[in-house]
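J.: Take this sequence and fold it.
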Amino acid sequence: MRSAWAQWVGDLATLRGLLPAASPDLSPSAVARWPARIFAVCPRCGAFEGTGPAADLSPCVRCAAAPPPFDAARSLFAYTGDVRAAIVATKYAGRPYPVDDVALRLHETLSGRWKDLIPDGVPPTVVPVPAHPWKYFRRGFNLPALIASRLSRRSGLPFAPLALSRTREQAPQARLPGILRHGNVEGAFRVPRHRKVPSTILLLDDVYTSGATAEACARALKCAGAASIVVVTVARTVS
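T.: Okay, the predicted model is just below:
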């Protein structure tokens, strides 16, 4: 097992490579101008599929071959520019994040062009992707949980911050190539014993990269009884 010191040194190396040269403008007016990704996406995993709108898209090649364990995924922004700088500066340098303003943008989108993602009848419970205990101890917060809490308040949706726990992670996902990320989080999430899992879940994370984390969380939740899982992330990497 890696020592806490080795983990800290590794995180410092990640920090040097990721931090932006200057802090982005995180005022409410600036966040309101962040460009939402409105182009065509894979209807299942939400992969960005082009530069123009399209209706009735077929699943992407990957989803057609091996559908993910969640029912749908969507990301509001591309992980570039100020969107990326804000997340990186918060997670690696402890700078404030515009949680309320981002939750507002998510709520507006879920009430608008993403409204078909929410099944009629049973409102989904907002479940944040949990942080590794060491990361939570070092940072003092879990960004997905902060955003999920504000989204729950704005939308009136139930909030279940302890529905999932993170039991292990061999290495920080941010430092791994996509080909290694699925194995790194395999079996890393579980539903605590005796905890009842909501049937309909909105799983919230800050960034969608390879989909490994979302898939691992969805497997754990569905094995525990969840019927429908929609993944929503603030941003998604662009290849």
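J.: okay, CA-based contacts and neighbour counts for the rest of this
T.: Noted.
J.: For this structure, which segments are assigned as helices?
T.: 4-18, 28-32, 61-65, 81-93, 99-111, 133-139, 143-155, 178-185, 212-223 (DSSP state H).
J.: Most tightly packed of the ones you listed?
T.: Mean neighbour count (mean count of other C-alpha atoms under 10 Å) peaks for helix 212-223 among the helices of the chain, with a mean of 22.
J.: could the helices of the chain be laid out in TSV, adding distance to Pro161 and mean pLDDT?
T.: Output for the helices of the chain, formatted as TSV (distance: least, C-alpha to C-alpha, whole Å; pLDDT from 0 to 100):
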stretch	distance to Pro161	mean pLDDT
helix 4-18	25	54
helix 28-32	25	97
helix 61-65	28	93
helix 81-93	19	92
helix 99-111	16	97
helix 133-139	14	80
helix 143-155	7	97
helix 178-185	19	52
helix 212-223	13	94
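J.: and Ser199, which of those is closest to it?
T.: Closest approach to Ser199 among these is made by helix 212-223 (8.8 Å; C-alpha to C-alpha).
J.: just checking, what packs against the closest one?
T.: helix 178-185, strand 189-190 (3 or more C-alpha pairs under 8 Å, 6 or more residues apart in numbering; DSSP states H and E).
J.: Identify the bridge partners of the spatially most central residue of the chain.
T.: Among the residues of the chain, the one closest to the centroid is Asp205, at 1.8 Å (C-alpha atoms, centre = their mean). With DSSP bridges applied, Asp205 shows beta-bridge pairing to Thr233.
J.: if I read this right, it contacts Ala131, doesn't it?
T.: No. In this structure, Asp205 is not within contact of Ala131 by C-alpha atoms under 8 Å, at 10.1 Å.
J.: anything in contact with each of the two?
T.: Taking C-alpha atoms under 8 Å, 6 or more residues apart in numbering as the contact rule, Asp205 and Ala131 touch no residue in common.
J.: circling back to that earlier point, residues contacting the residue nearest to the centre of the chain?
T.: Contacts of Asp205 by C-alpha under 8 Å, 6+ apart are 128-129, 144, 231-234.
J.: Between those residues, which sits nearest Val83?
T.: So of these, ranked by how close each gets to Val83 (C-alpha to C-alpha), first place is Val234, at 8.6 Å.
J.: list the contacts for that closest one?
T.: 75-77, 102, 106, 205-207.
J.: same check, this time on Ala131
T.: So Ala131 contacts 142, 166 (C-alpha under 8 Å, 6+ apart).
J.: Against Arg138, how distant is it?
T.: Going from Ala131 to Arg138 by C-alpha to C-alpha, to the nearest Å gives 11 Å.
J.: What of Val126?
T.: Taken as C-alpha to C-alpha, the span from Val126 to Arg138 is 25 Å.
J.: and what of Val83?
T.: With C-alpha to C-alpha as the criterion, Val83 and Arg138 are 23 Å apart.
J.: To what extent is the closest residue in space to Gly50 that isn't next to it in sequence buried, counted in neighbours?
T.: Leaving out its chain neighbours, the residue that sits closest to Gly50 by C-alpha to C-alpha, 6 or more residues apart in numbering is Ala40, at 5.8 Å. When counting by other C-alpha atoms under 10 Å, one arrives at 18 neighbours for Ala40.
J.: Correct me if wrong: Ala40 contacts Phe48.
T.: Yes. Assessed by C-alpha under 8 Å, Ala40 is found in contact with Phe48 at 6.3 Å.
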